[in-house]
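1. build the 3D model from these lines:
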Amino acid sequence: MKQDKSHQIQDRRSVFLTALKYVLLTIGAVVMLFPFLWMLLTSLKTLPEAISIPPKWMPSDPQWKNYDYAWNLVPFGMYFRNTIWVGILSVVVTLVFSILGAYAFSIFSFPGRNVCFYLFMLTMMVPSEILIIQNYVTCSKLGLLDTFSGIVLPTVANGFYIFMLQEYFMQTPPSLFKAAKVDGCSNLKFLIKVVIPMNINAIVTVAILTFITAWNSFMWPLIVTMSDEHTLLSVGLLRFRQASSSNLHNQMAAACIVLLPMVLFYIIFRKKIMEGVASGGTKG
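-> Residues are numbered from 1 along each chain as shown. Sure, this is the predicted structure:
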């Protein structure tokens, strides 16, 4: 009887803790999602509804024309095209640097390898804001101001991505590399045919994170670009705010235009991100 009561008490405690965990997670989710929900609802309101006190939660008549107004006030179409192009360019160049760097540090043994690797790791401790002035001076001397190259190149060498991929690449069995060399496989062919396919989840994760970072970047594109032909969405949102004055409902519509594509992008690829972080470099 005592054991049965003990098991009942443990079961009740387990049920209570599980319920408490889900309640806390639900509260946390509501707190995190509330600003986005408020932004979405405000984007469909009229100006009096958007600034009313006390706040009005739901729009009486959804104003979809707010999105049309926001889209046409500034050239958001051009900003979208610029941002997608910069994102793709950032992904390609970052993957080339990160994969080759990680491959060199994980497969080959050469003098000063550890020193070079630690120097790359040290770059993770340097805030990007400290490098803004020097990067601007360098881009100015190279004639890269107000160009897509000027936006992308200072951000492609990422110590974290090299470190992440190096951890995966090191799980490639050394015997596999030796066998490939015996069969006459070149270093580049071994990378393309063996290492990359074995670590595709990690590489896809780096590509997704790089694209998200490029989409959300603000400070550097704001400094280095001046014309609409090279303006990204994040900077375009600031220019919309300046053009729309204090029209809060239109500003929320413009914010939704910028934010929602990236939310959908993350929802679509969230499993790939989790797989890349959780899975190992080898199977079986």
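2. where in the stretch 51-200 of the chain is pLDDT low?
-> Low-confidence segments of the stretch 51-200 of the chain (pLDDT under 70): none present.
3. and the strands in it?
-> In the stretch 51-200 of the chain, no strands are defined using DSSP state E, counting those that start in this stretch.
4. secondary structure element for the residue lying closest to Asn216 once chain neighbours are set aside?
-> Leaving aside its sequence neighbours, Asn216 sits nearest to Ser234 (Cβ to Cβ, 6 or more residues apart in numbering; 6.5 Å). C-beta here means a position set from N, CA and C on the backbone, and glycine is covered the same way. Taking DSSP states H and E as the definition, Ser234 sits inside helix 233-243.
5. now that helix - C-alpha only, PDB.
-> The C-alpha atoms that make up helix 233-243 are tabulated as PDB, following Å, rounded to 0.1, in the frame of the first residue of the first chain:
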ATOM      1  CA  LEU A 233      15.200  46.500 -47.000                       C
ATOM      2  CA  SER A 234      16.300  47.300 -43.500                       C
ATOM      3  CA  VAL A 235      17.600  50.700 -44.600                       C
ATOM      4  CA  GLY A 236      14.600  51.100 -46.900                       C
ATOM      5  CA  LEU A 237      12.300  50.700 -43.900                       C
ATOM      6  CA  LEU A 238      14.100  53.700 -42.200                       C
ATOM      7  CA  ARG A 239      13.700  55.800 -45.300                       C
ATOM      8  CA  PHE A 240      10.000  54.800 -45.400                       C
ATOM      9  CA  ARG A 241       9.700  56.000 -41.800                       C
ATOM     10  CA  GLN A 242      11.200  59.300 -42.700                       C
ATOM     11  CA  ALA A 243       8.900  59.700 -45.700                       C
END
